[in-house]
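Novice: next come a sequence and a model predicted from it.
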Amino acid sequence: MAISETAQIGIIGGGPAGLLLGELLRKAGVDSVVLERRDRAYVEGRIRAGVLENGTVSMLEEAGVGDRLHREGLVHSGTEIALGTRRQRIDFEGLVGKTVTVYGQTEVTKDLIEARLRSGAPLVWSVEGVTIENEEGEKPLLHYVVDGAPHQLRCDFIAGCDGFHGVSRQSLPAEILKTYERVYPFGWLGILADVPPCAHELVYANHERGFALASMRSETRSRYYIQCALDEKLENWPDERVWDELKLRLGPELAASIVTGPAIEKSIAPLRSFVATPMRYRNLFLAGDAAHIVPPTGAKGLNLAVSDIHYLSRALSAFYRDGSRALLDSYSDTALARVWKAERFSWWMTSMLHKFHDEDSFEARMQAAELQYLFSSRAAQTALAENYVGLPY
Ligand code: APR
Ligand code: PHB
């Protein structure tokens, strides 16, 4: 016999989307159970991006996890775009009056886990075999296994926050689910090291050898990336080779400021744009990577998950406050409108900054013209800044 439980909301996935939703709902008096496939150490050890939009910071404050973020996060009022030896600062504050905060997603996740555990609200680790029953007109039911024991969770709604490889999106009938995808013909090789960053702000570089990004986690921890072939093997990239390549691609001035050190983490990730529609089916709502993926150029992944949760938390709170279904019914359209704009921005940044084509092709000339325009036009810089700091919810 399965152990039976109930909750208002069943949340599949304890990444930033699921955990943030859980906290916001708890503050609104709505109870939830979070089911996470991995254990705590694994979830807290995952290295992900680290640039928070304004709106993301506000949402984390609302969830009660703003303190460490404000203490340790670095406020950046601009970023740099480099082309060969030329560098152009994009002044977010001057152009659109907003900033971003550099604070690792790993830290966001730790803060959310700590808040949830402190509250005593259920967060179940190492959950196996989640399946979803989501029949028309019935309360959904989640089946899962913990420590070999079968469980059932009956809830009013399910939030599918289980990332790209989760079960939620796959539970939509094939005739309902529509997906849109672009897979890019290269990956990013990332290196994390306890060395001071080479610049005060992030630098996105388009170089003839390929894209490079200088980023950071703190004043003493740097994160760098280089564009690489999809079939590149990490064993061919000892730390020294990564540092040498970064120095070439970021140009002599930045190279002189790069402090090298042993990698704490080194990995290769493919780049993909992906959108699944609709983001709601009956009583199941998709949020975050379960519904969409962006290439990391522009750091929109976490921010987009947070904007979904903004809409979803408000829709669920309104339902429990006054029985209104209007925001639940418009959730998919509302969330997707913002998702597509972030997809466009991430695709555009990726297209502008990576080496795709033969130097002498039409496409390469278009890319060069795009960068020349960006460097010379305040309007173009404003558009970049407006998107980078985050479009309004
Ligand atoms: N059952 C339970 N949990 C699952 C299942 C499953 N079948 N499948 C996946 N999960 C868990 C994963 O282990 C992970 O912890 O769901 C969580 C999903 O978290 P993320 O992949 O981090 O996705 P999300 O919360 O949407 O966060 C948005 O933004 O920067 C990007 O990709 C980056 O993680 C980031 C994301
Ligand atoms: C990162 O610091 O990991 C990072 C920053 C900006 C990006 C992508 C990744 O666009």
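Specialist: Looks like it came in fine. Ligands and ions are numbered 1, 2, ... in the order given.
Novice: quick one: average pLDDT of stretch 112-129?
Specialist: For stretch 112-129, mean pLDDT is 98.
Novice: can you tell me what sits against that stretch?
Specialist: 7, 14, 16, 19-20, 22-23, 26, 31-40, 43-44, 63-65, 143-147 (CB atoms under 8 Å, 6 or more residues apart in numbering). C-betas here are computed from N, CA, C, even on glycine.
Novice: buried sites along it?
Specialist: Going by neighbour count (16 or more other CB atoms under 10 Å), the buried part of stretch 112-129 is 112, 113, 115, 116, 121, 122, 123, 124, 125, 127.
Novice: pLDDT of stretch 150-160, averaged?
Specialist: Mean per-residue pLDDT for stretch 150-160: 98.
Novice: list the buried residues in it.
Specialist: Within stretch 150-160, the residues that count as buried by 16+ other CB under 10 Å are 151, 153, 155, 156, 157, 158, 159, 160.
Novice: that stretch near ligand 1 anywhere?
Specialist: No: applying CB under 6 Å from any ligand atom, one finds stretch 150-160 separated from ligand 1 by no less than 9.2 Å.
Novice: run a quick neighbour tally on residue 203.
Specialist: Residue 203: 22 surrounding residues under other CB atoms under 10 Å.
Novice: can you put the buried residues of stretch 150-160 in CSV and add distance to ligand 2 and secondary structure?
Specialist: Conversion of the buried residues of stretch 150-160 to CSV gives the following (distance: CB to the nearest ligand atom, whole Å; DSSP: H, G, I helix; E, B strand; the rest coil):
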residue, distance to ligand 2, secondary structure
151, 36, strand
153, 34, strand
155, 34, strand
156, 36, strand
157, 32, strand
158, 30, strand
159, 26, strand
160, 25, strand
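Novice: this structure: helices as residue ranges?
Specialist: With DSSP state H, the ranges of helices along the chain come out as 16-27, 40-45, 54-62, 67-72, 92-96, 105-119, 239-250, 252-257, 301-322, 326-353, 362-376, 378-388.
Novice: count of neighbours near residue 321?
Specialist: Per other CB under 10 Å, the neighbour tally for residue 321 reads 11.
Novice: bridged to the residue in the stretch 51-200 of the chain that ligand 2 sits nearest to, which residues?
Specialist: Taking CB to the nearest ligand atom, ligand 2 has its nearest neighbour within the stretch 51-200 of the chain at residue 51, 4.9 Å off. Counting by DSSP bridges, residue 51 is bridged to residue 102.
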